[in-house]
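Engineer: no FASTA, just this:
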């Protein structure tokens, strides 16, 4: 029961103009956006940057991003047929692609 | 960038955070570094279930009883000194966590402090000994409590997104480490009077795994490359009833464990019959079979054509009234409904999943490794659980070993200040590059001269995880292990050096992937070599070609990996251990 999702992913660093890469991701219904992003890194583009740690449990909260314009967790939103647009959080400094500077300031190596 | 500290703690899960707190409260300066974010990665935060400690809150209990259950679960291979300190000190750590506001579930309801701490009987325990935080919130509560505590403890510098890649050894002592900052890819040296490895286990080496992202055996690889001894590397615990189907998002696949504690449930084969009793256990709606036995039983039923449709077993709570389900798990029942799972109407499918690693860094009861200045804590420690870990002991060991390792590391640092030599740090990189089967590190090749266009580390990691699952997983045989070993060695020798590593200046995830793969391959080889040498079945190590437990194998394998070559040495369990 395999389907294909289209993930349109915002790429680039801080201050870069909006640029999107589009990936066709095979999935079985029920799989998460995070499953799709991990598939891209393994099979299509290893350079894609996004944050995650706990993978399944929705406890680390690292994978928060904009999904079709709304903030959500990649690990709990599901892949769907057709296009899903993924963008970094709008209110945080972007590090690269979907990864933002969400590390608490005092835990950063280079401060200030 | 160069940093200097008394104690460096690598990994900020439960063990690492406790170690940092324990070191800092003796007055030591501490750097606590994690590849992910402090207190959000690692295994602790994933834990939804219970923590074992002889608190005697529900019924009289002693640490000696807890120890007896731990040793019995370990199938004769536990390091008894480590198991003893775990059981003896667990109550003190649990009380300290209680005082810090972790919120252990208490009689009298959620958040009420009137009643005693609730303790349930997890499989393999002879007493009601296991505490938890409702609902399925034990790990997040423990991690959150320690994270707050770390933030309030003077002397700890917590660094998120800092990956440690090599230890620096000089004159036989660990003097610090090398790494890089994930955020900008910048190299980093840390001089430290003592170093604690608290990086958790290696379950990410397996395709079907309950691990978080950063559990690929990096701490074991750090220890091996530095020359420290590992132990019991063949013993990977497969949790028998990990969620299999239907697809469930936003929940840890180990979640059925607490369901079984509280509600029993029935484990059934594809023909809806109970089957654990055919393998020497009992079910009968009760959750008593140990993890190794249940994993074995489910696999055998699937092999016999009596599996569930997706290749596991059924777990059914359909006989439990909805009110009881809601009383026990409240909002979790709604989360399940959102996933299309109505427990009153249908069973779910479960199957074994890589969950924990019994092996690890060989330490004494003061968490000292075989190398001066190097300590380990939590799942990174090998030996306490023998061939099979008792349910509920993982968070206990994170807290207990973390506290000891931090305190002892601070003590060592106090009497061994200084000793860092920038030349030794540089030499570490040269030695690593010179190993016979070790690839040059990205420090020397990141300029892009290492064969751009090679397969990515993420792709190779995917292949390794499937290889380990099929050939070095819950059931093993010689041909499979040899085939795995051939491929792992080829990946180390041929593929790793060809992985392109771009010099990223923002979010260096491909550099992190390269280091993860480098460590994962070394540790995968250690697991496979040790599994090949143990020609018997015992606990979590099941050989299809040697199905019986053999008295001659009652011992532990010590593993070394200097210069990139894995070597195993068998050490029989001491006679006084037999007498216990």
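Structural biologist: Structure received. Not measured: the values here are computed from a predicted model.
Engineer: Low-confidence ranges, the chain, go.
Structural biologist: Let's take chain A. Along chain A, the model assigns pLDDT under 70 to residues A:1, A:111-112.
Engineer: looking at chain B here, not the other one
Structural biologist: In chain B (pLDDT under 70), the answer is B:109-114, B:283-284, B:418-419, B:424, B:426-453, B:575-580.
Engineer: Would you point out which residue is most central in it?
Structural biologist: residue B:201 (3.2 Å; CA atoms, centre = their mean).
Engineer: Dihedrals phi and psi, it?
Structural biologist: Backbone geometry at residue B:201, expressed as degrees, to the nearest 10, gives phi -100, psi -150.
Engineer: so what's it up against?
Structural biologist: Counting by CB atoms under 8 Å, 6 or more residues apart in numbering or on different chains, residue B:201 makes contact with B:43, B:211, B:215, B:217, B:356, B:357, B:360, B:379, B:380. For glycine as for every other residue, the C-beta is placed from the backbone atoms N, C-alpha and C.
Engineer: Does the fifth one belong to a helix, a strand or coil?
Structural biologist: Per DSSP: H, G, I helix; E, B strand; the rest coil, the local secondary structure of residue B:356 is strand.
Engineer: wait, residue B:267 sits on residue B:278?
Structural biologist: No: if you go by CB atoms under 8 Å, residue B:267 and residue B:278 don't touch, sitting 11.9 Å apart.
Engineer: Out of those two, name the residue with the larger neighbour count.
Structural biologist: residue B:267 (27 against 12; other CB atoms under 10 Å in any protein chain shown).
Engineer: quick one: that one is in a strand?
Structural biologist: Yes: looking at residue B:267 with three-state DSSP, it is inside a strand.
Engineer: Please identify which residue in chain B comes closest to chain A.
Structural biologist: Here chain B gets closest to chain A at one residue, residue B:247, 3.0 Å apart by CB to the nearest CB.
Engineer: For burial, what's the neighbour tally of that residue?
Structural biologist: 16.
Engineer: Please apply the same query to residue A:2.
Structural biologist: Residue A:2 has 7 nearby residues by other CB under 10 Å.
Engineer: which residue sits closest to it, ignoring its sequence neighbours?
Structural biologist: Spatial nearest neighbour of residue A:2, excluding adjacent residues (CB to CB, 6 or more residues apart in numbering or on different chains): residue A:26 at 5.5 Å.
Engineer: surely the one you found meets residue A:7?
Structural biologist: No: at 11.4 Å, residue A:26 does not count as touching residue A:7 under the criterion of CB under 8 Å.
Engineer: can you pull the contacts of residue B:105?
Structural biologist: Residue B:105 sits next to B:117, B:118, B:131, B:132, B:133, B:134 when contact means CB under 8 Å, 6+ apart.
Engineer: how much space is there between it and residue B:340?
Structural biologist: Counting by CB to CB, to the nearest Å, the separation of residue B:105 from residue B:340 is 28 Å.
Engineer: Ok, residue B:49 next?
Structural biologist: Residue B:49 is 24 Å from residue B:340, where distance means CB to CB.
Engineer: more crowded one of those two?
Structural biologist: residue B:49 (26 against 11).
Engineer: wait, doesn't that one sit right on residue B:262?
Structural biologist: No: using CB under 8 Å, residue B:49 makes no contact with residue B:262, being 10.3 Å away.
Engineer: for the stretch 351-500 of chain B, what spans make up the helices?
Structural biologist: B:393-415, B:422-434, B:442-445, B:457-471, B:478-490 (DSSP state H, counting those that start in this stretch).
Engineer: so of those, which one's packed in deepest?
Structural biologist: Mean neighbour count (mean count of other CB atoms under 10 Å in any protein chain shown) peaks for helix B:393-415 among the helices of the stretch 351-500 of chain B, with a mean of 26.
Engineer: which helices and strands does that helix pack with?
Structural biologist: The contact analysis (3 or more CB pairs under 8 Å, 6 or more residues apart in numbering or on different chains; DSSP states H and E) places helix B:393-415 against strand B:2-10, helix B:14-24, strand B:51-52, helix B:80-99, helix B:138-152, strand B:187-197, strand B:374-376.
Engineer: Apart from its neighbours in sequence, what residue is nearest the residue of chain A found nearest chain B?
Structural biologist: As assessed by CB to the nearest CB, chain B sits closest to residue A:30 within chain A, at 3.0 Å. With sequence-adjacent residues excluded and distances taken as CB to CB, 6+ apart, residue A:30 is closest to residue B:247, at 3.0 Å.
Engineer: Contacts only, for the one you found.
Structural biologist: A:28, A:29, A:30, A:31, B:339 are the contacts of residue B:247 under CB under 8 Å, 6+ apart.
Engineer: Please list the outside residues in contact with stretch B:514-522.
Structural biologist: Stretch B:514-522 is contacted from outside by B:163, B:165, B:202, B:204-205, B:216-218, B:220-222, B:224-225, B:438-439, B:441-442, B:457, B:460-461, B:464, B:488, B:491-492, B:496, B:499, B:501, B:561, B:564, B:566, using CB under 8 Å, 6+ apart.
Engineer: what about it, distance to the chain center?
Structural biologist: Relative to its parent chain, stretch B:514-522 has a centroid offset of 17 Å by CA atoms, centre = their mean, to the nearest Å.
Engineer: picking that back up, check which helix or strand the residue of chain A closest to chain B maps to.
Structural biologist: Using DSSP states H and E, no element contains residue A:30; it sits outside every helix and strand.
Engineer: shouldn't it be in contact with residue B:243?
Structural biologist: No: using CB under 8 Å, residue A:30 is not in contact with residue B:243; the gap is 11.6 Å.
Engineer: if you count what's nearby, which of these two comes out ahead?
Structural biologist: Between residue A:30 and residue B:243, residue B:243 has the larger neighbour count (other CB under 10 Å), namely 24 against 16.
Engineer: Run a quick neighbour tally on the nearest residue to the more buried one once chain neighbours are set aside.
Structural biologist: With sequence-adjacent residues excluded and distances taken as CB to CB, 6+ apart, residue B:243 is closest to residue B:253, at 4.1 Å. Per other CB under 10 Å, the neighbour tally for residue B:253 reads 24.
Engineer: hmm, back to that, taking the contacts of residue B:247, please make a PyMOL selection of just the buried ones.
Structural biologist: The PyMOL command for the buried members of the contacts of residue B:247 (criterion: 16 or more other CB atoms under 10 Å in any protein chain shown) is given here:
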select buried, (chain A and resi 30+31) or (chain B and resi 339)
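Engineer: Save the contacts of residue B:247 as CSV, and put in distance to residue B:326 too.
Structural biologist: Output for the contacts of residue B:247, formatted as CSV (distance: CB to CB, whole Å):
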residue, distance to residue B:326
A:28, 30
A:29, 28
A:30, 24
A:31, 28
B:339, 16
